[in-house]
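Colleague: Dropping the sequence and predicted coords here.
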Amino acid sequence: MSVDYLHTHEILVNMGPQHPSTHGVLRLVVKTDGEWVTETQPYIGYLHRCAEKIGESVEYPQFVPYTDRLDYLGAINNNLCYCLAVERLAGIEVPERATYLRVIGAELNRIASHLISYGTFGMETGAFTPFFYGFRERETILSIFEKWFGARLTYHLCRIGGVMADITPEIAQDIRDFIKTMRAVWDDYNTLLSFNEIFVRRTADVGVIPPEMAIEYGLTGPCLRGSGVKWDLRKNDPYCFYDTFDFDIPVGEGLMGTVGDSWDRYWVRMREIIESTKIIEQALDRMPEGAIRAKVPKILKLPKGEVYVRCENPRGELGFYLVSDGGTKPYRLKIRAPSFCNLSITNAICKDCLLADVIVIVGSIDIVLGEVDR
Amino acid sequence: MRELIEYLLTHVPLLTKVPSIFVYAVFILIGAGVVLGYISVMVIIWVYLERKVAGHIQARYGPMRVGPHGILQTIADAIKLFMKEDIIIPTSHKVLFIIAPFLVFFGAFAPFVVLPYSESLYLSKMNVGVFYLLALTAFEVIGIIMAGWGSNNKWALYGGMRHAAQMICYELPMGISVLTVVVFTGSLTLHGITNAQGWLPWQWFISPLKSPFTFIAGFVFYIAGLAATKRVPFDLPEAESELVAGYHAEYSGMRFAFFFLAEYTAMYLVCAVTSLLFLGGWNGPLPRAQGWLGNLLGLINVLSKTYFLLFVMLWLRWTLPRLRIDQLLSTSLKYLLPISLGALLGAAIQSAIF
Amino acid sequence: MTFEEIYTLLKGRFGDKILEKNDENIDPYIIISPDAIVQIMRFLKHEKELAFDFLSCISGVDYPDEGIIETVYHIFSYLKGHKLVIKVRLSRDNPIVDSVTGVWRSADWLEREVYDLLGVKFKGHPNLRRILLPEDWEGHPLRKDYQEPAEYHGIPNK
Amino acid sequence: MRRPKNKVAEYFVNIYRSLATIAAGMGVTIKVFFQKPVTLQYPDELPVIEEAFRGLHIYEQEKCIACEMCVKACPIDCISLQYEGKGKKARIKSYRIDYTKCLFCNLCVEACPTHCIKMGKEYNLCSYDRAGCVRELAEDIYSERSTVSE
Amino acid sequence: MAGKEIAIIIVFYVTCGVVVISALIAVFARSVINAAFALFFTLCGMAGFYFLLSADFLAIVQIVVYAGGILVLLLFGILLTHRTLEELGIEKRTTYIAGTIAGLAFYLILIFIIAQGLWHQIPPKPMAPTTATIGRLLLTKYLLPFEISSVTLLAALIGSAYLVRRKEGK
Amino acid sequence: MTVGLIHYLIVAAILFVLGLIAIISRRNAVGVLIGVELVLNAANLNFVAFSRYAERGIEGQIFVIFIILLAACEVAVALAIVINLFANLGAIDVDRAGRMKR
């Protein structure tokens, strides 16, 4: 965007930690010249809860509920990644049915997370109604989760060696019904927001991240794919039989403006909802009968060693670096949070744009502060 | 109103004894009180409607708790607002901070003097009525800049400045689209303009059959009116996700209530003026009558049109995202202004030929 | 490329700067000398066959018994699809290592986090400040011998 | 969805597209306006709580053998157990759960060898103070006072 | 005396008070922004005078153009041209002494002239709408000045837009 | 004591003098503009008052319209100059405006 405006005095504005559109307690110190933003500096840490330190003081199975609290919108994905890390280090073989259940849970959770992202992104551009529509469908998912394993936000579904609860045919039917309604309302979502001219004008060509820049800054997930890089760990570094499912990896194509703009990142998320429904359907069809938990000793001792496992979360690549000294507790547990790395690009792209664009850009990166601050 | 007073002055023996200035003063006060009461009642209904419409559009119920279907909710809210602590920020500019809400409210309230509801139900038949309506928006602009400046808050200042820029841009297409109608009527009074429209829908100015140019001008006026009342998609001065609450971020309690009241009053005003200028005002398919029945029918006509436009406003608000400031300005200057100028030109040619 | 190939390539190029390798671990790693880190990393990123363009994670691990702090770099390649773990061993008393922000921009916040929680100083980092903890916090919490302060600005810890 | 190159064409396409997409969006909202709302009027209509729901704990004291497995399994140490004796003869004096800390993770339930603790359906956690959030689940059935009162 | 005249006298003096006091603030306020806000009340008071003088169209024009347009422009100008919000337009007092003295002297002269002048005053005509007359005069007798002024306005707009545009290479 | 021509003339005189004081004393360019507005308004008031109380008819009001129009032009151009002044000098002190010549 060419910056051609009347220069006046600069104002330093503190956006957050209590601001309606910073997704929690992010603080942006914005240097503005009138409506133009010349510099944006993010400050984080207001939600720091010492997750890594806690990880060193609890036993391996006991840390699983804490992972729920990282990216609380995609909690099952976090559970899954941590469990995969522990299982890989301990060499635990997970029953096939449990893996499919994990996939179903994780993908449903991904849809729920993207629905929130849809709603809040609409809200940031000033449209309130998408938020409620997104929540309407998310509630259905949460009700399915409640029926399945009894929690609505902090799921704790995956356990080391399997999952907590099995699904009944009734729940499977609920999931199939949900997929059907989701595909139907998805079109309404797009009519209401995605293709609305005002929305397109607000988001297209705003906060353009070229692919090289996205890789350089270590962006992952929809932010990376929005820039046109076709990279999805579910296909490229598969876990949980993801490589056997038939689904596309949506990438930003610059449909409304430049490749890598805010609209592309948003649109990648919207299309991932549909891809996730495909995965869930296939998983439901192919799921074998069998046990849902492997035999895991009550007091789990991991062999000495270290492992780095990464998973494709709704927000990007979640990594767990687990160091074991042979005891029952992790020696060191480093969490590579996708939002944390994605957020680090803000002061590079929130420059020479309007104040309203900063909000759109931060919204399109779709951060969860629970994960950024850990 | 004046006719009424003069009639009373000459015919009621008691009133002829007191100096007429007192009678005038008392009647002016009564008129103002009636308008104020009317606005308050209307605002309470509109706020309730807004929340109900919003609720149902968003697949929820809206207020349901206070009274059956929550109809007393707004009254409860109003009581809450007036009982709340009145906070005056110590770092604010006290004088500006205090007078700003009243100025804004005055700007929204004073135009009601010229709004007619039927041939004989009106307060004043000012002969520059339409201009008067446009002029009073100046009070709102200055009041909001004052609020933004007086609050001594950067977000509030942004809100005030955005509103000023917005008003400057949108007054132009608004005024020009009014002129498009005035070209046909040759009158600046709301009476004259309304009477120039027949009582069937295709005789109104909104009808493309009467004139395609006033049809366009009607839309331009309504859109500019949306911008003037800071409704979505033009709610930039108080954009919640950007400026927290914009110019009224630091206001609370009663002072906030005045802003709130002014906003809804202005909404009503824009809808009512649109209905008078373009939708035939008190003319409607209902049978015509004289006297109090005529007044009642006129009132029903005007109110039903106003409420329809109001519903469209709410409907738009809960559907659309917000524009960005540069898009807001270019919408006015690049689109509405040329379109309304074209419509004015076309209307002038049409009225000259036919 | 497999780990062995990468190792031989690096060993051939940098010789004794490559201190050690461990291929028994699930994720095999290479330990390199801290003074050559920027050269090696730059080589890893820009060498056509390696093309490690994605720095995923920088972690610090404290080993008080051996008196060292390890900084662990997990790097991946979008182009080739392979991965590598690089470790640097630093003395615990004065852990200083060159910053790799010049190689990957994503190292910026990751290094700040390691500095914040473990006290590793990254030489040449453009903005080495605390990131998660307040500016005036004392100590580095993820060190094993860290003692929780009794209070912070009058807020009791218990 | 490319925009036309011609400036004049773009001008009119913009107008058309704005009006068309706004009208389409309004169509979606008005459709929902006439549908039945999906929300519940909470205190009047209560949500259906599923069997699997993980709410406040239910504790069956007679089954408890005071093995402390739940206390060990709890990731956040929110369970405190006081007892005399072990095994079948154990006398439970108190079994407290601090709900200001509890994660509702179900790990205590899974650890219990006798299934004496499980998650219930109660979800109302409100309390006037912090102390009220600590719930005593064991009845003091062994003390003198309770036998006398019976 | 008729009630209407008393009313006019009351309104006149109230308006007078508003105009003079706000004009005093506008001139002597330390901060320019306060002066601009005070000017708003002066301009509204002027509109009140025009109403009293049966120039209803002018009163509306006064509010539309002055209060709604010029003043907002002034406020924009003030807010655009100050480094920090705190120091915004604080004036030094020293220059005022000379100015006030000169002004007062000039005022005495003006009062003297007004008092000396033999004003040929006719009894005021009844209040009547002026819009139609003004419109007719503008399009007949004063058509040339009207057109010239519109060209002037256009030129001024283009000129000011040219002045504030960003120079190349800056 | 009805309100007559003299009353308006005196008010206009007061406004004129106040505007003059502002023009003389203010060093802030926008403050000077405010003074100019006051002076123009004083003149306008005289015109309108004369058009009502003198035999000349409504012509006075036409002049007022032209004056208001000119005031709008003047403010637009003056503000453009003020902003340029600010961009070049970093201040809008009229005493330092002579430096514009370079």
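Modeller: All right, it came through fine. Numbering: from 1, shown residues only, chains lettered A, B, ... in the order given.
Colleague: Does residue A:133 lie in a helix or a strand, and which?
Modeller: Assigning secondary structure by DSSP states H and E places residue A:133 in helix A:129-149.
Colleague: just checking, what packs against whichever helix or strand comes after that helix?
Modeller: Tracing the chain past helix A:129-149, the next element assigned as helix or strand by DSSP H and E is strand A:158-159. Counting contacts by 3 or more C-beta pairs under 8 Å, 6 or more residues apart in numbering or on different chains; DSSP states H and E, the secondary-structure elements packed against strand A:158-159 are helix A:75-90. Placement of C-beta: from N, CA and C, glycine included.
Colleague: how far away is residue E:109 from chain B?
Modeller: Here the criterion is C-beta to the nearest C-beta, to the nearest Å. By it, residue E:109 lies 35 Å from chain B.
Colleague: Confirm that that residue sits in a strand.
Modeller: No: with DSSP: H, G, I helix; E, B strand; the rest coil as the criterion, residue E:109 is assigned helix and is not in a strand.
Colleague: Let's see the pLDDT reported for it.
Modeller: Note for residue E:109: predicted pLDDT of 85.
Colleague: sec struct for residue 71, please.
Modeller: Assuming you mean chain A. The three-state assignment at residue A:71 reads coil, by three-state DSSP.
Colleague: Against residue A:117, how distant is it?
Modeller: Counting by C-beta to C-beta, to the nearest Å, the gap between residue A:71 and residue A:117 amounts to 12 Å.
Colleague: Overlap in contacts, the two.
Modeller: Residues touching both residue A:71 and residue A:117 by C-beta atoms under 8 Å, 6 or more residues apart in numbering or on different chains: residue A:314.
Colleague: Restrict the helix holding residue A:133 to CA atoms and write it as PDB.
Modeller: Extracted as PDB, the C-alpha positions of helix A:129-149 are listed here (Å, rounded to 0.1, in the frame of the first residue of the first chain):
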ATOM      1  CA  THR A 129     -23.700 -11.700  13.700                       C
ATOM      2  CA  PRO A 130     -21.000 -14.100  12.400                       C
ATOM      3  CA  PHE A 131     -19.800 -14.500  15.900                       C
ATOM      4  CA  PHE A 132     -23.100 -15.800  17.000                       C
ATOM      5  CA  TYR A 133     -23.500 -18.100  14.000                       C
ATOM      6  CA  GLY A 134     -20.000 -19.500  14.600                       C
ATOM      7  CA  PHE A 135     -20.900 -20.200  18.200                       C
ATOM      8  CA  ARG A 136     -24.100 -21.800  17.200                       C
ATOM      9  CA  GLU A 137     -22.300 -24.500  15.300                       C
ATOM     10  CA  ARG A 138     -19.500 -24.700  17.800                       C
ATOM     11  CA  GLU A 139     -22.100 -25.400  20.500                       C
ATOM     12  CA  THR A 140     -23.200 -28.500  18.500                       C
ATOM     13  CA  ILE A 141     -19.600 -29.700  18.600                       C
ATOM     14  CA  LEU A 142     -19.300 -29.000  22.300                       C
ATOM     15  CA  SER A 143     -22.500 -30.900  22.900                       C
ATOM     16  CA  ILE A 144     -21.100 -33.900  21.000                       C
ATOM     17  CA  PHE A 145     -18.000 -33.600  23.100                       C
ATOM     18  CA  GLU A 146     -20.000 -33.400  26.300                       C
ATOM     19  CA  LYS A 147     -21.900 -36.500  25.300                       C
ATOM     20  CA  TRP A 148     -18.700 -38.300  24.400                       C
ATOM     21  CA  PHE A 149     -16.400 -37.600  27.300                       C
END
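Colleague: Grab the nearest non-local neighbour of residue 97.
Modeller: Answering for chain A, as no chain was given. Using C-beta to C-beta, 6 or more residues apart in numbering or on different chains and skipping residues adjacent in sequence, the residue nearest residue A:97 is residue A:290, 4.3 Å away.
Colleague: let's do chain B instead
Modeller: Nearest residue to residue B:97 in three dimensions, chain neighbours excluded: residue B:150, at 3.8 Å (C-beta to C-beta, 6+ apart).
Colleague: looking at it, that neighbour is touching residue B:91, isn't it?
Modeller: No: using C-beta atoms under 8 Å as the test, residue B:150 is too far from residue B:91 to be in contact (10.4 Å).
Colleague: more neighbours, those two?
Modeller: Set side by side, residue B:150 and residue B:91 show unequal neighbour counts under other C-beta atoms under 10 Å in any protein chain shown, the larger going to residue B:150 at 27 against 8.
Colleague: confidence score at that one?
Modeller: Turning to residue B:150, the model gives it a pLDDT of 83.
Colleague: Residue D:143 now?
Modeller: Here the pLDDT value assigned to residue D:143 is 56.
Colleague: Same question for the one 5 residues further on.
Modeller: According to the predicted model, the pLDDT of residue D:148 comes to 44.
Colleague: any idea which element the residue nearest the centre of chain E lies in?
Modeller: Ranked by distance to the mean C-alpha position of chain E (C-alpha atoms, centre = their mean), the top residue is residue E:43 at 5.1 Å. Per DSSP H and E: residue E:43 is located in helix E:32-52.
Colleague: counting contacts, what elements does that helix pack onto?
Modeller: Secondary-structure packing of helix E:32-52 (3+ C-beta pairs under 8 Å, 6+ apart): helix B:137-150, helix E:3-28, helix E:56-61, helix E:71-80, helix F:5-25, helix F:29-53.
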